[in-house]
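> 3D, please:
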Amino acid sequence: MQSPPLDPEIADLAPNEPALTAYDEEHAVTYMRLLDAEAANADWREAARLILHIDASVEPDRARRAFDSHLARAKWMTSQGYKLLLRRGPSDPQPRS
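Modelled structure (predicted):
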């Protein structure tokens, strides 16, 4: 796996499927930043603006949906997704059986 970009484009909704996606790999840093923000009790609107680049004062519904879905996916990555990453070799794009 290549290093993920530090500031990738953000979709309105994070994936919500039981498999690891290319989006997940590309947004690993985004997920970590969201988890850090939650641990620091940061306001979700500030996290949406700084991490997801969505201004909640301009697009409150979009910002909230994006924040909630990306934070949920970040939590999924810490409980399930990381296992799928560990099954892969350093340059193996597909999970091992």
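> What is the neighbour count of residue 60?
For residue 60, the neighbour count with other C-beta atoms under 10 Å is 13. Glycine gets a C-beta too; all of them are placed from N, C-alpha and C.
> need the contact list for the spatially most central residue of the chain.
Residue closest to the mean C-alpha point of the chain, counted by C-alpha atoms, centre = their mean, is residue 31 at 3.4 Å. By C-beta atoms under 8 Å, 6 or more residues apart in numbering, the contact set of residue 31 is 24, 70, 73, 74, 77.
> got the CA coordinates for the host helix or strand of the first one in PDB?
When elements are defined using DSSP states H and E, residue 24 is found to belong to helix 22-26. Extracted in PDB, the C-alpha atoms of helix 22-26 (Å, rounded to 0.1, in the frame of the first residue of the first chain):
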ATOM      1  CA  ALA A  22      -9.900   2.400  -2.200                       C
ATOM      2  CA  TYR A  23     -11.600   5.400  -0.600                       C
ATOM      3  CA  ASP A  24     -10.800   4.100   2.800                       C
ATOM      4  CA  GLU A  25      -7.100   3.600   2.000                       C
ATOM      5  CA  GLU A  26      -6.900   7.100   0.400                       C
END
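> thinking again about what came up before, of the contacts of residue 31 - the most surrounded one?
Compared across these, residue 70 has the highest neighbour count, 25 neighbours, by other C-beta under 10 Å.
> Check which residues of the helix holding residue 24 are buried.
Counting neighbours by 16 or more other C-beta atoms under 10 Å, one finds that the buried residues in helix 22-26 are 24, 25.
> What is the burial count for the spatially closest residue to residue 51 that is not a sequence neighbour?
In this structure, residue 51 finds its nearest non-sequential neighbour in residue 33, 4.8 Å apart by C-beta to C-beta, 6 or more residues apart in numbering. Number of residues near residue 33 (other C-beta under 10 Å) recorded here: 20.
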